[in-house]
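Visitor: Fold the following, please.
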Amino acid sequence: MKKIVISTGGGDAPGLNAVIYAVVHSCYRRGWEVYGSRSGYKGLLNLDELMRLTLEDVEEIYATGGTILGSTNKGNPFSTPVENLAGEIQIVDISDKIMKNFTRMGFDCHIAIGGDGSLEIAHRFALKGMPVVGVPKTIDNDLEATDRTFGFDTAVSTATEALDKLHSTAKSHDRVMVVEVMGRDSGWIALYSGISGGADVILIPEIPFDMDEVCKKITDNELHGKDYAIVVVAEGASVKGGTVINKGDGELGREEVILGGVGEWVASEIRKRINKDTRSLVLGHLQRGGSPTNFDRLLALRFGAAAVRLIADGIFGQMVALSASSMIPVPLIDAIKSRKKVDLNSDKVLTAREIGICLGDCQDFFEKQEDNGKQ
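Guide: Coordinates of the predicted model:
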């Protein structure tokens, strides 16, 4: 009989509970025990925070958002802020204590569910000798080694529904509505929801934008009888020649700054440049909430079951990935080495340009085709 521990780390995403459901059911069919570590690695640091997971504990959770284990993006065991006796904050490595507790509890494998940050921590534990299997989770869909991550489809659906509703109010008041969505380094949510939601402008991190071109698109709308506009901007988008707008440094022990504010900045620039009534809206954590869509629910269940199959086959140090229509193992090191960016020559980007959406550079699709023909 094997003994498995699961953790959910980083930002929450719709589908986490579905993974847990699949893992528990797959393990119990094999006669294995399953434990959950609350709030990331907290359960492996403090054994009182470990919870036994039975079939009754996970009944019907596959349809619910969030995670029954709780999650955190502050719990890096290799870089933990601790206050010393002098009242000073020091960054310490507590990973050895977690390794000892893992061994003490007799666990055979740790299933780490998370994005690039959480999977990097899992990889470091794998290097220390912990048998680990990773499951990719991020609403940003920015993990290179898998075609899709669960949570992304739900986030896009939420953003698209918001855009659909904003059209009527924008049109009623001849306003420009600027909607800020998540996407630190990759513009997948902005691109997918913007195209599906009928946006006039989509600004993504992969294309530094020119405000003159953004305003030109909005004024061009008016020339064609459309007195309102919808602008979708990813939180990590930056103005051409400028820097990413942010709220400041993150908490102690975290290197990344807290993004946010680019939507209001873009709205302010539009007001100043073309004197257009402009409002901004930040969807924020709304994109993380709610029940997973059918696609995310099924994908998460498949990930969870595939992770258990890897354990049964004795394959560790790997992440379960979706490739075409199959579940395959990929080394954790490959899963975290780079973030997946939007391919600017992809069909989706070309589609956006062809139907007249401005991507911040407002490069006209047909002009580009003519230039290529002349060359």
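Visitor: can you give me the helices in the stretch 201-350 of the chain?
Guide: Using DSSP state H, counting those that start in this stretch, the helices assigned to the stretch 201-350 of the chain run over residues 211-223, 262-274, 294-312, 332-336, 347-354.
Visitor: same question, the stretch 1-150 of the chain
Guide: Along the stretch 1-150 of the chain, counting by DSSP H, counting those that start in this stretch, helices occupy 16-29, 42-45, 95-104, 116-127.
Visitor: nearest to residue 297, of those?
Guide: If you check each of those against residue 297 by Cβ to Cβ, helix 16-29 wins as the nearest, at 5.2 Å. C-betas here are computed from N, CA, C, even on glycine.
Visitor: so that closest one versus helix 294-312, what angle?
Guide: On the basis of axes from the mean of the first three to the mean of the last three Cα atoms, to 10 degrees, helix 16-29 is oriented at 40 degrees to helix 294-312.
Visitor: what's the domain layout of this structure?
Guide: By the record's domain assignment, the chain is partitioned as 3-150+292-323, 154-289+342-363 (automatic domain parsing).
Visitor: Of all the helices of the stretch 201-350 of the chain, which one is nearest residue 232?
Guide: Residue 232 sits nearest to helix 262-274 of all the helices of the stretch 201-350 of the chain, at 9.1 Å, using Cβ to Cβ.
Visitor: How about residues contacting the closest one?
Guide: 176, 178-180, 203, 211-212, 214-215, 218-219, 231, 233-238, 244-245, 276-282 (Cβ atoms under 8 Å, 6 or more residues apart in numbering).
Visitor: Report the buried members of those residues.
Guide: Neighbour counting with 16 or more other Cβ atoms under 10 Å marks 176, 178-180, 203, 211, 214-215, 218, 231, 233-238, 244-245, 276, 278-282 as buried within the contacts of helix 262-274.
Visitor: quick one on the thing from earlier: could you dump the domains of the chain into TSV with mean pLDDT and distance to residue 333 added?
Guide: TSV is the format used below for the domains of the chain (pLDDT from 0 to 100; distance: least, Cβ to Cβ, whole Å):
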stretch	mean pLDDT	distance to residue 333
domain 3-150+292-323	95	6
domain 154-289+342-363	92	19
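Visitor: any chance of the ones you listed in TSV, with distance to residue 334 too?
Guide: Output for these, formatted as TSV (distance: least, Cβ to Cβ, whole Å):
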stretch	distance to residue 334
domain 3-150+292-323	5
domain 154-289+342-363	17
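Visitor: re earlier: now the helices of the stretch 1-150 of the chain as CSV including distance to residue 135?
Guide: Converted to CSV, these look like this (distance: least, Cβ to Cβ, whole Å):
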stretch, distance to residue 135
helix 16-29, 6
helix 42-45, 17
helix 95-104, 18
helix 116-127, 9
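Visitor: how about those helices, which one is nearest residue 150?
Guide: Minimum separation from residue 150 across the helices of the stretch 1-150 of the chain (Cβ to Cβ) falls at helix 16-29, 7.4 Å.
Visitor: what's that closest one packed up against?
Guide: In terms of contacts (3 or more Cβ pairs under 8 Å, 6 or more residues apart in numbering; DSSP states H and E), helix 16-29 is packed against strand 3-8, strand 33-37, strand 109-114, helix 294-312.
Visitor: Residue 16 and residue 143: what is the separation?
Guide: Computed with Cβ to Cβ, to the nearest Å, the distance linking residue 16 and residue 143 is 15 Å.
Visitor: Report the separation between residue 181 and residue 53.
Guide: 33 Å.
Visitor: Tell me how many other residues surround residue 82.
Guide: Burial measure for residue 82: 11 neighbouring residues, criterion other Cβ atoms under 10 Å.
Visitor: Give the full set of residues in contact with it.
Guide: If you count contacts by Cβ under 8 Å, 6+ apart, residue 82 has them with 89, 90, 91, 92.
Visitor: Also residue 115?
Guide: With contact taken as Cβ under 8 Å, 6+ apart, residue 115 is in contact with 10, 11, 136, 137, 138, 140, 142, 143, 149.
Visitor: how about a cut-off of 10 Å?
Guide: With contact set as Cβ atoms under 10 Å, 6 or more residues apart in numbering, residue 115 has these partners: 9-11, 13, 73, 136-140, 142-143, 149, 151, 335-336, 339.
Visitor: can you check residue 179 too?
Guide: Residue 179 makes contacts with 159, 162-163, 166, 190, 193-194, 197, 199, 230-233, 263, 267, 279-283, as judged by Cβ under 10 Å, 6+ apart.
Visitor: Sheet partners, orientation included, of the helix or strand hosting it?
Guide: Residue 179 is part of strand 176-181, with elements assigned from DSSP states H and E. Paired strands of strand 176-181, with direction, are strand 229-234 (parallel), strand 278-282 (parallel) (DSSP bridges).
Visitor: between these, which one is nearest to residue 352?
Guide: With Cβ to Cβ as the measure, strand 229-234 is the member of those nearest residue 352 (10.6 Å).
Visitor: returning to what we had before: output the strand holding residue 179 in CSV with nothing but the alpha carbons.
Guide: Backbone C-alpha positions of strand 176-181 (Å, rounded to 0.1, in the frame of the first residue of the first chain) are rendered in CSV as follows:
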residue,chain,number,x,y,z
VAL,A,176,-14.7,53.6,-24.0
MET,A,177,-14.5,50.8,-21.5
VAL,A,178,-11.0,49.6,-20.6
VAL,A,179,-11.0,46.1,-19.0
GLU,A,180,-7.8,44.9,-17.2
VAL,A,181,-7.5,41.1,-17.1
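Visitor: and the strands paired with strand 176-181 as CSV, adding distance to residue 172?
Guide: Below are those laid out as CSV (distance: least, Cβ to Cβ, whole Å):
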stretch, distance to residue 172
strand 229-234, 13
strand 278-282, 12
